[in-house]
Each structure stands twice: as structure tokens, then as C-alpha cells.
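# predicted model follows, preceded by the sequence.
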Amino acid sequence: MAEIQYVSDEGGNPVGFIVPNELGREIESEKETAYLLKSENMKRRLLEAKERQEGISFDEACEKLGI
């Protein structure tokens, strides 16, 4: 994985950073999950969905959607 790059101002003070795409997506995903878990109803629904065993495979879903 590529390293995080820090951006400094003229005085050498860190003012920002650049992260690899993969890490950026991971951070965004974590932020979204944290946001969703703030709601007790959403938390309950996510946990129920996580435990759910029924469903169809990805290939079946693609076939049904015609993609």
C-alpha cells in the first residue's frame, strides 16, 4: 500500500495529508457505518441484516436484473 503523504505550509507546519485511494475508501466506509449506527433503528436493522441467512447469490441477482 502506498504511504500517506503529508502537506505542510511554508513554515513546515502540517496542514493536510494525501491518502491512497484504497485507504480513502476505507475511511469513507467507516464514516458511513458510524453515521448509520447513530440511529438505534438503523443499528437494529443492520444487525438483523447481518444475521440474515436467506437470500440469493450475486450471480442470481445479476440474472434477475438482466445485467
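Great, that's in hand.
# show me where the protein has its helices.
21-37, 40-51, 58-65 (DSSP state H).
# possible to save these as TSV with distance to Ile4 and mean neighbour count?
Any C-beta I mention is one placed from the backbone N, CA and C, and that applies to glycine too. Listed next are the helices of the chain as TSV, based on distance: least, C-beta to C-beta, whole Å; neighbours: other C-beta atoms under 10 Å:
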stretch	distance to Ile4	mean neighbour count
helix 21-37	7	11
helix 40-51	29	10
helix 58-65	33	9
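# now render those as JSON lines, adding distance to Gly12 and mean pLDDT.
What follows is the helices of the chain, written out as JSON lines (distance: least, C-beta to C-beta, whole Å; pLDDT from 0 to 100):
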{"stretch": "helix 21-37", "distance to Gly12": "24", "mean pLDDT": "93"}
{"stretch": "helix 40-51", "distance to Gly12": "43", "mean pLDDT": "89"}
{"stretch": "helix 58-65", "distance to Gly12": "49", "mean pLDDT": "92"}
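# redo those helices as TSV? Include distance to Asp9.
As requested, those are exported to TSV (distance: least, C-beta to C-beta, whole Å):
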stretch	distance to Asp9
helix 21-37	22
helix 40-51	40
helix 58-65	47
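# quick one: Glu22 from Ser29, how far?
Distance of Glu22 to Ser29, given as C-beta to C-beta, to the nearest Å: 11 Å.
# let me fix that, I meant to ask about Ser57.
Distance from Ser57 to Ser29, by C-beta to C-beta: 23 Å.
# what do you get for Glu10?
In terms of C-beta to C-beta, Glu10 sits 35 Å off from Ser29.
# residue farthest from the centroid of this protein?
Going by C-alpha atoms, centre = their mean, the residue of the chain most distant from its centre is Gly11, 34.4 Å out.
# contacts only, for it.
Neighbour list for Gly11: empty [criterion: C-beta atoms under 8 Å, 6 or more residues apart in numbering].
# and the pLDDT for it?
With respect to pLDDT, Gly11 has a value of 97.
# for the remainder of this discussion, apply numbering that starts at 204.
In the new count, where the first residue is 204, that last one comes out as Gly214.
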